[in-house]
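Trainee: The sequence and its predicted three-dimensional model are supplied below.
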Amino acid sequence: MSRGQATQAPGRDGFVVAIDQGTTSTRCILFDHDGRLVAVTQREHRQHYPRPGWVEHDAAEIWRSVERLVPAAMAQAGAGPDDVVAIGIANQRETTVLWDRRTGEPVGRAVVWQDTRTSDLVDEMAADGGAEKYVERCGLPLATYFSGPRLRWLLDATPGLRWRAERGEVLFGTIESWLVWKLTGGPDGGVHVTDVTNASRTMLMNLQTLDWDPAMLAAMDVPEAVLPEIRSSAEVYGRARTVVPGARIAAALGDQQAALFGQTCFSPGDAKCTYGTGSFLLMNTGREITRSSHGLLTTVAHRIDGEPASYALEGSIAVTGSLIQWLRDNLGLISTAPEVETLARTVEDNGGCYFVPAFSGLFAPHWRSEARGVIVGLTSYITKGHLARAALEATAWQTREVVEAMDADSGLRLASLRVDGGMTSNNLLMQTVADVLDAPVVRPMVSETVSLGAAYAAGLAVGFWSDLDSLRRRWHRAAQWRPAMEPEQRQSEWENWQEAVRRTFGWIRH
């Protein structure tokens, strides 16, 4: 069903239900026609670490959370099933679920995006042609990060599983596929779909055709019978038969693409950064595929039913918020995370100290797994205030590294950066980001941008909102920081940062 072709066009009344299924918890949020949050529920789920480097979730536990959270949020808002105009889903990306088509039960635990058990397989596949050998087809380098190698590993490692998969008895999906299938009936007619944003993170989808790539399926040794149908990010996949009976399930996006959508970054050059434990910066590059030669990932931003896809460049930063946690938990410099701003403001600058938190290597744009963290420029003048300021500046400079790579790859110039996530409450950090980027940094009124993006896409698919411009009008600025650093200082500090980064290279020698 294409956008605007809902069987009955809803008026201004009613709510869109957003299910945000994240790495550590699941949330359900209800939004009204004005895009306001009217109810929220949340529940954590258990993290399983059966071996070093292995990270797993129980997909059945996640489903049980959804069964409880959605009705609870509706009860908060005093809403019944008839008040729900659509359901949208945002999900942790790359996490791999396999389940039995007949029983509806997961085949073992879900393998989480952080899991590195496929490292040997990835090295083996990269031996002939290197990690970039499939980038032209799928936009992604060979890495443990993505779900294609993870699916191959599961099919190889579990006795009898490949045989069952080839016969269509077992289904694969990322978390949104699992939830849509369960919501639409599971073993009794459940719809087996994924959207283009999640499919683009498997290494199995062709970026140009937006369909499963036969050459990639052969390279990964994945049977097509196990795969979901690839659909748009905003279209009606089916109606719920449980939890909210009759409600239209009308959107699915990977969490970072959902945040891009929720920030209304619909035009080429629009960019957002989500600042959390790590940080994810995405720039909309329009309807043409932009290949990266600067260490970024090419991915799908979104696709609205009946329209061409929009693409994005993505850069991930491994350590941002977790660096502040490290200062708190490992060094004891602060007792709570917000104190880092107070401590950093006790000094006027970094005192010549630079902190590169390459705790487990460097992500975009360097991709140096052998790098390790350094603090450089230490003198007897340095205090814990300087260390706190250097830690905040590390997030700002890493942001600039990704933005510079995006500008170079896309030919676009970042006009402003929209931000969300827990670290955006740190005003000094946000001002520092604006200073080093020489561009305004803007925080929206609604901070739940992942859930909002899922809601916007679902509401758009059923005509609850008319078009992208109507969504732009609902985006409101809560705070803005403008650059205030002198150009000479910005350039000097940038050169110092780059020198500090070079000192991290080659620390681990095999």
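Mentor: Ah, there it is. Numbers count the residues shown, from 1 in each chain.
Trainee: got the CA coordinates for stretch 141-155 in CSV?
Mentor: Extracted C-alpha coordinates of stretch 141-155, given in CSV (Å, rounded to 0.1, in the frame of the first residue of the first chain):
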residue,chain,number,x,y,z
PRO,A,141,33.5,-3.8,4.2
LEU,A,142,33.9,-7.3,5.4
ALA,A,143,33.5,-7.0,9.2
THR,A,144,32.1,-8.8,12.2
TYR,A,145,29.7,-5.9,12.6
PHE,A,146,27.3,-7.0,9.9
SER,A,147,24.6,-9.8,10.0
GLY,A,148,25.5,-11.7,6.8
PRO,A,149,28.7,-13.3,8.2
ARG,A,150,26.8,-13.9,11.5
LEU,A,151,24.0,-15.8,9.6
ARG,A,152,26.6,-17.9,7.7
TRP,A,153,28.4,-18.7,11.0
LEU,A,154,25.1,-19.9,12.6
LEU,A,155,24.2,-22.0,9.6
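Trainee: Leu362 pairs with what?
Mentor: In this entry, Leu362 is beta-bridged to Arg368, by DSSP bridges.
Trainee: can you offset everything so residue one is 290?
Mentor: Let's use 290 as the start, then, which means that last one is Leu651.
Trainee: Look at Trp452 and say how many residues are nearby.
Mentor: A total of 12 residues lie near Trp452 under the criterion other C-beta atoms under 10 Å. For every residue, glycine as well, the C-beta is placed using N, CA and C.
Trainee: can you check the one 10 residues further on too?
Mentor: Applying other C-beta under 10 Å, we find 29 residues neighbouring Gly462.
Trainee: Provide a list of residues in contact with the closest residue to Phe644 other than its chain neighbours.
Mentor: In this structure, Phe644 finds its nearest non-sequential neighbour in Ala679, 4.1 Å apart by C-beta to C-beta, 6 or more residues apart in numbering. In this structure, Ala679 makes contact with Asn639, Cys642, Tyr643, Phe644, Ile664, judged by C-beta atoms under 8 Å, 6 or more residues apart in numbering.
Trainee: go with 6 Å
Mentor: Asn639, Cys642, Tyr643, Phe644 (C-beta atoms under 6 Å, 6 or more residues apart in numbering).
Trainee: Checking my notes, it in a helix, right?
Mentor: Yes - with the criterion set as DSSP: H, G, I helix; E, B strand; the rest coil, the secondary structure at Ala679 is a helix.
Trainee: correct me, but Gln365 touches Thr330?
Mentor: No - no contact is recorded between Gln365 and Thr330 when judged using C-beta atoms under 6 Å, the distance being 7.1 Å.
Trainee: neighbour-wise, which of these two wins?
Mentor: Neighbours per residue, other C-beta under 10 Å: of Gln365 and Thr330, the larger number sits with Thr330, 19 against 14.
Trainee: what's in contact with stretch 590-601?
Mentor: Among residues not part of stretch 590-601, those counted as contacts by C-beta under 6 Å, 6+ apart are 291-292, 485, 521-524, 546, 549-550, 571, 573-574, 576, 578, 588-589.
Trainee: which of the contacts of Ala679 tops the neighbour count?
Mentor: Of all the contacts of Ala679, the most densely surrounded is Phe644 (25 neighbours; neighbours counted as other C-beta under 10 Å).
Trainee: State the pLDDT value of that one.
Mentor: The per-residue pLDDT reported for Phe644 equals 96.
Trainee: Kindly indicate whether it is helix, strand or coil.
Mentor: Phe644 falls in the strand class when you classify it by three-state DSSP.
Trainee: so what's Asp696 up against?
Mentor: The contact partners of Asp696, by C-beta under 6 Å, 6+ apart, come to Arg702.
Trainee: Please report the distance of it from Met505.
Mentor: Using C-beta to C-beta, to the nearest Å, one obtains 30 Å as the distance from Asp696 to Met505.
Trainee: on contacts alone, who are the packing partners of the strand or helix carrying Ile538?
Mentor: Taking DSSP states H and E as the definition, Ile538 sits inside strand 537-543. Other elements packing on strand 537-543 under the criterion 3 or more C-beta pairs under 6 Å, 6 or more residues apart in numbering; DSSP states H and E are strand 373-380, helix 464-472, helix 485-488, strand 523-528, helix 738-750.
Trainee: how about low-confidence regions in the stretch 390-539 of the chain?
Mentor: Low-confidence regions of the stretch 390-539 of the chain, defined here as pLDDT under 70, do not occur.
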